[in-house]
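Asker: Provide a 3D model corresponding to the input given below.
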Amino acid sequence: MFTLLFVLMVGLAPAAVAAPGFLVDIDGPIGPAQAMHLEKSLQRAQTANAALVILRIDTPGGLDTSMRDMIKAILASPVPVVGFVAPEGARAASAGTFLLYACHVAAMAPATNLGAATPIPLGGGLPRPGPRPAGEADSQDEDTAPESAPADPADAAGRKAVNDAVAYIRALAEKYGRNADWAEQAVRSGASLSSSEALAQDVIDLIAPDVNHLLAALDGRPLEVAGRKQTLSTADVTLQTLEKDWRIEFLSIITNPTVAYMLLLAGLYGLLLEGYNPGAILPGVVGAISLLLALFALQVLPVNYAGLGLILLGVILMIAEALVPSFGVLGFGGVAAFVIGSVILMDADVPGYEINLMLVAAIATAAALLMLLSVYLLMRSRRSVVVTGEDAMLGASVQVLDYAQGAGWGLVAGEQWKITGPAELIPGQTVRVQAVDGLTLVVEPMETRT
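Answerer: Okay, the predicted model is just below:
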C-alpha cells in the first residue's frame, strides 16, 4: 500500500524545470546601445538563474569605450557567456575580436573570420609604422615573435594606444588559456584568421554550424565562471532571444552617424527658420529638440570637432549671403565649408561610424543650387525696372483733378495724391512727377521736361 502511494506521489510530482538560456545578438557597429543591451541582458540572465548566455556576434568593430564596458560586464557575470561568431559569413573584427576573447567560451561558425584588431584613435588613424625605438621590448620573446609583424607606430601616442590594446587582449587570452601571441599579432599588424585556422591555432574553443549544434557541443564542458568551477548542462536548455527594448532601439537610431548628422542639420535650420519668422513656433520646437538629440548623439560618437566647426561656419556663411549679398562669395564659401565639415565630421576610420557620402552630396548640391538661384535673382533684380517706392513715382503721369495757387490734387495710377507745382496748371491737364516730398508730389508740365 505504501509502495503504491510512493509511486503515485513520484509520478504526480512536477518535473524539474531546466534553467533557461538566452541568445543575444551583437550585430553591427559596437556602440553605446550595444553595450547597454548586453549589460541589461546579463542582468536578466543572472536574475533568471540562466544556464548560459550566447552572444551571436557579427560586427565590423566599433567604439573602444563601449567595447570595454561590454567586456567588464562579461567578466563580472556569474552566468557563463559564450561568444559565437555566426551565422556563416559573419565576422568578429576589431572590437569584436576583443569581445570574443573575453567570453568564457569562444566559438565560430564555418566561413566566418576574426581579427584586424589594431586600435584607431578618434580624430584620425594611426601614423605610418616606423622603426621601434631602441630598447622597447615586445611582450613576447624575440625568438617567438612573428617575422611578419611590422614595427610599432613611431609616435608616442600611437605606441601607447597599441601597447595598451596588446596588454588588454593578452590578459584576456591568458585568462582562458587561448593563443595570446596571435592576439598580439591581431592588434599590432591587423592579422585575421578564418574559423578553421582560429581553431587550429587555439584562438577559439570550437566550431559549430548553428546554435543547436553549439549547445550540443557545450554540454558537459567544465568552466570557471566568476571564480567558481562549474560544468555546463545544455542538453535540455531552451534558448530565448533577448530583443532590444524601445529605449535601446531609440538610442541605436539616434547614434547612427547619418541620423545624428540629419538631426544636427534639422536643429540648425529649424532654429534659423524660427528666427526669420518669430512666432512660427513649430520650426523652433522641432529645431530645439533635434539639436539636443544631435548633441547627445555626438557626445558618444567619434566626432571630429573641426568638422563640426566647419559645418557651423558653412551655415553662418550661407545665412550671411542671404542678408548681405556678395554675389555668391559668402554663399559658395559656406557650401564649401559645409561639405568639407560633413565629410570629416565622423571619424571614418572607426568601423561602422561614417556618414553616407551620397547624403552629404545631395544636401551640398541642394545648397549650391539655392545659392545659384539667389545670385540669379539678385542679378535680375538689379536690371529690373523699379515698380514700388518713391523711385517708381518719378516720371509718372498725373492727371490734375483740382488745382489752385500752386497746390491741389492729382490722380496717379488710380490713386489721389496731393500735388504742388507751377501756378498755371489747370484741372484736366496731364503733368509729370518731378519729385516726391513726403506724401506730396512735386509735378511739372509735360512739355517742360527735358
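Asker: Other residues contacting the helix or strand hosting A106?
Answerer: Taking DSSP states H and E as the criterion, A106 maps to strand 105-108. Residues outside strand 105-108 that contact it (CB atoms under 8 Å, 6 or more residues apart in numbering): 80-86, 92, 100, 114, 176, 178, 195, 198-199, 203-208, 214, 217-218, 221, 223. Using the backbone N, CA and C atoms, a C-beta is placed for each residue, glycine as well.
Asker: Repeat that for stretch 225-235.
Answerer: Outside stretch 225-235, the residues that reach it (CB under 8 Å, 6+ apart) are 18-19, 21, 51-52, 76-80, 104, 215-216, 218-224.
Asker: if we can go back for a sec, quick one: strands adjacent to the strand holding A106?
Answerer: strand 81-85 (parallel), strand 206-207 (parallel) (DSSP bridges).
Asker: Please work out the average pLDDT along the longest one.
Answerer: Per-residue confidence for strand 81-85 averages out to 95 on the pLDDT scale.
Asker: Following element in sequence after it, please.
Answerer: Sequence-wise, the next helix or strand downstream of strand 81-85 (DSSP H and E) is strand 91-93.
Asker: contacting residues around that following strand?
Answerer: For strand 91-93, contacts defined as CB under 8 Å, 6+ apart pick out 57-61, 83, 85, 99-100, 108, 112-117, 192, 351.
Asker: after that strand comes which helix or strand?
Answerer: Moving toward the C-terminus from strand 91-93, the next helix or strand (DSSP H and E) is helix 95-102.
Asker: Quick one: list the elements packing against that following helix.
Answerer: Identification of packing neighbours for helix 95-102 by 3 or more CB pairs under 8 Å, 6 or more residues apart in numbering; DSSP states H and E yields strand 52-58, helix 64-76, strand 81-85, strand 113-115, helix 156-176, helix 180-188.
Asker: thinking again about what came up before, nearest to F332, out of the strands paired with strand 105-108?
Answerer: Between F332 and the strands paired with strand 105-108, the shortest gap by CB to CB is with strand 81-85, which sits at 48.7 Å.
Asker: how far off strand 52-58 does that closest one point, in degrees?
Answerer: Orientation of strand 81-85 against strand 52-58 (axes from the mean of the first three to the mean of the last three CA atoms, to 10 degrees) gives an angle of 30 degrees.
Asker: Next, the angle helix 64-76 makes with strand 81-85.
Answerer: Per the same axes, to 10 degrees, the angle that strand 81-85 makes with helix 64-76 is 130 degrees.
Asker: distance between strand 81-85 and the chain's centre?
Answerer: In terms of CA atoms, centre = their mean, to the nearest Å, the centre of strand 81-85 is found 27 Å from the chain centre.
Asker: Among the contacts of stretch 225-235, which lie within strands?
Answerer: Among those, the ones falling in strands (DSSP state E) are G21, L52, P222, L223, E224.
Asker: Out of those, which end up buried?
Answerer: Neighbour-count burial (16 or more other CB atoms under 10 Å) is assigned, among those, to G21, L52, L223.
Asker: Including pLDDT and distance to A165, could those residues go into JSON lines?
Answerer: Listed next are these as JSON lines, based on pLDDT from 0 to 100; distance: CB to CB, whole Å:
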{"residue": "G21", "pLDDT": "91", "distance to A165": "32"}
{"residue": "L52", "pLDDT": "94", "distance to A165": "28"}
{"residue": "L223", "pLDDT": "90", "distance to A165": "26"}
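Asker: right, and the secondary structure at V24 would be what?
Answerer: Secondary structure, DSSP: H, G, I helix; E, B strand; the rest coil: V24 is strand.
Asker: check contacts around it.
Answerer: Contacts for V24 (CB under 8 Å, 6+ apart) come out as H37, L38, S41, V53, I54, L55, R56, T241, L242.
Asker: Pull out the buried members of the residues you listed.
Answerer: Burial by neighbour count, 16+ other CB under 10 Å: within the contacts of V24 this picks out H37, L38, S41, V53, I54, L55, R56, L242.
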